[in-house]
Structure formats: structure tokens, C-alpha cells
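Asker: please work out how this folds:
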Amino acid sequence: MKKNILVTGGAGFIGSHLVRLLVNKYPNYHIVNMDKLTYAGNLENLKDIESKENYSFVKCDICDFDKVKNVFIDYKIDNVIHLAAESHVDRSIKDPFSFAQTNVMGTLSLLQAAKLYWANNFKDKLFYHVSTDEVYGSLGKEGFFLETTAYDPHSPYSASKASSDHFVRSFQDTYQFPTVISNCSNNYGSYQFPEKLIPLFINNICQNKPLPVYGKGENVRDWLFVDDHARAIDVIFHKGKLGETYNIGGFNEWKNIDLIKVIIKTVDKYLGREIGASEKLITYVTDRAGHDLRYAIDSTKLKDELGWEPSLQFEEGIDKTVKWYLDNETWLKNVTSGDYAKYYEAMYK
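Answerer: As a prediction, the model looks like this:
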């Protein structure tokens, strides 16, 4: 069946993995990648599929409502998978306005453009909104986030994503608009912009730079390999029930400090250093404002109803991830130059 699928943020970390999966797996789907190409959007992430006949790229800001409407018209869009977002918590603390603009108003722009283009004829249409587990707030030492967990965002980033989730649900309820939402735990893997913990630390270990650890490193996160997230989105897009929410998690909790030591051991191994030698680079810094203690996702609903579960154990995924960054030194150098270097100095020095 022919589908014209708009993927927003498809040049970013998770988006590029999803676009690659869809383009290669579904040759009869036309995948339209719409990305503003900010600092985290990089078309080098998709060089291997850019010449495919069923792939198109459009540079567009999701907040530019008139241009977004034209994209729907020009490409006859009948399905949307919306990933475009400002996503780094530290940046949201310094600049909350841009997060509200992109994550809230940008999502509303897409919703309204889809509603107008589809002209209230929603048969075979779908607006899939990709969100985060951070909307649920913070957990203590026990318990898991469920799809029914009350929202309790603690940062400007999570507040903006919570608001976008609410707008998606409001369209579902008000207009019977066809939506589905997924909330995912922390992702890791290739092509991730190195402001996020894992690629940042891999790069710093290689450069013998300090490894800035917030507080005592006791915050706990649930980690998911990015290719498994892309597979989950694929499954939910095709089999998910309209109006439903699905949590995507790895059942894979790690304290930050324990995670960092696994990264150190793996990088040291590949660099031929004494295993654990780079632990001397660990530098404890002032804790992040509003830093949530623990996230943990219960993705039982996704497993029981749609048959998805993660494919990789964490150590295997970390090994693959470290090896990718070490094998793609040019990519890493390209994205860590210029403005990113200035941002790093402002954020961690």
C-alpha cells in the first residue's frame, strides 16, 4: 500500500535511524524527511540512503506554519511521525523559550496543518507523536512509569514535551483526530550529537578531557539502543491503536556513575589503554537544577499488545556504540567544532 509519510526531525539522532529503517524496509512508502537542520540535525547521518527513489528531504522549520502546510500539499502527506524537538535538558534550563516555541508551537503547527490538509477525512491517516519518559517526572527507588502515570515534568524540556502531548490528545478528543503517542526512555547509539552523556564521554575519553559528572552520579536512567526504538516506532505506527499511548523502555536501569565506568572500560579496551585507566578523568560538577533522581519505563503494554521487546543487552549495545564512534572519527570531529565547542565551554567549564 502506497503511503506518503512525513518524518519530522529525520536528520537528527533518533529520526535518522527511523528514516533509514523505513526507507529500506518499505520501498513502496515515500518517506519525506523534514528537518530544520539546527546544530543536532545532520544530513551526513543519511548519506547511505539519500539517493533512494522513495526518499525526499525538505528543509523546514516546523514552526513555519505556511511552509508546513505547503509540504503537506506538495507531497500529499497522509501520515506523520513527529520527532522534531529541542531535547537537551541543560539547554532548556538556559533557554526555555526556544523549547516552548519548537516543542509546543511547532507541534501545534503540524497538528493544524495535518487537520486542514486532511479536511476532517481521517480514514487511513495517522499523526504519531514521539515523546519522552521525562514528562512523568521522577521516581524513587521503586516503581515504574506506566502509560497511566500522572504527568509531573520538572524541567523546561519535559514541561514543553508534556504540553505537546496534551495538544496531541486534545486534537484526538476534540476533532476525533487520529493520533498515537509513545514515550521513550534514554536512547544511545550511533549518530548522537555529543552533548548527550554517552557520546560526550566517549569523545572526552579519547581526548583525555575531564568527564563531568553531575552531583555524585547517583541518578538512574533506563537506556535503550536507538535501533530498538526505531523498531518500536515502526511497530506502533503499523499496529498501534488510535488514541493510545505506548511506553518504550529497555528494562535496563543504570546509575550514571556505573554507566560511565562501563563506557570507560570499553573505550580503554579499544584504545589499548589499561582497563579503567581513564577513570582518573571523572570530575564531579554541581548538580543540574531540577535533576530527576530516577526514570524507569514499564513497556509491558507494548510487549503484550504489539509484540515488541528490546533486542540488545546493554553491554553489547555499548560495545557497538563505542566502536562506531571510534571508527567514525571524521563525523565526530565535524560535529564537535565551532559553536558546539563554545557551548561546551559555557556549559561545563
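
Asker: any weak-confidence spans in the stretch 1-150 of the chain?
Answerer: 1 (pLDDT under 70).

Asker: all helices for it, in order.
Answerer: 13-25, 65-75, 89-94, 96-99, 106-118 (DSSP state H, counting those that start in this stretch).

Asker: for Pro210, find the nearest of those helices.
Answerer: helix 89-94 (16.1 Å; Cβ to Cβ). For every residue, glycine as well, the C-beta is placed using N, CA and C.

Asker: on that earlier part again, CSV please, covering the helices of the stretch 1-150 of the chain and showing mean neighbour count and distance to Gln176.
Answerer: Shown next, in CSV, are the helices of the stretch 1-150 of the chain (neighbours: other Cβ atoms under 10 Å; distance: least, Cβ to Cβ, whole Å):
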stretch, mean neighbour count, distance to Gln176
helix 13-25, 23, 26
helix 65-75, 16, 19
helix 89-94, 18, 33
helix 96-99, 16, 29
helix 106-118, 21, 11
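
Asker: Leu281: which of those is closest?
Answerer: That would be helix 89-94 among the helices of the stretch 1-150 of the chain, by Cβ to Cβ, at 19.6 Å.

Asker: for Ser190, find the nearest of the helices of the stretch 1-150 of the chain.
Answerer: Short answer: helix 13-25, nearest of these by Cβ to Cβ, at 7.9 Å.

Asker: which elements pack onto the closest one?
Answerer: strand 3-8, strand 29-35, helix 226-239 (3 or more Cβ pairs under 8 Å, 6 or more residues apart in numbering; DSSP states H and E).

Asker: could you rerun that using 10 Å?
Answerer: strand 3-8, strand 29-35, strand 55-59, strand 79-82, strand 126-132, strand 186-188, helix 226-239 (3 or more Cβ pairs under 10 Å, 6 or more residues apart in numbering; DSSP states H and E).

Asker: compute the inter-axis angle for it and helix 226-239.
Answerer: Computed by axes from the mean of the first three to the mean of the last three Cα atoms, to 10 degrees, the angle separating helix 13-25 from helix 226-239 equals 60 degrees.

Asker: first to last residue in stretch 126-145, what's the distance?
Answerer: 25 Å (Cα to Cα, to the nearest Å).
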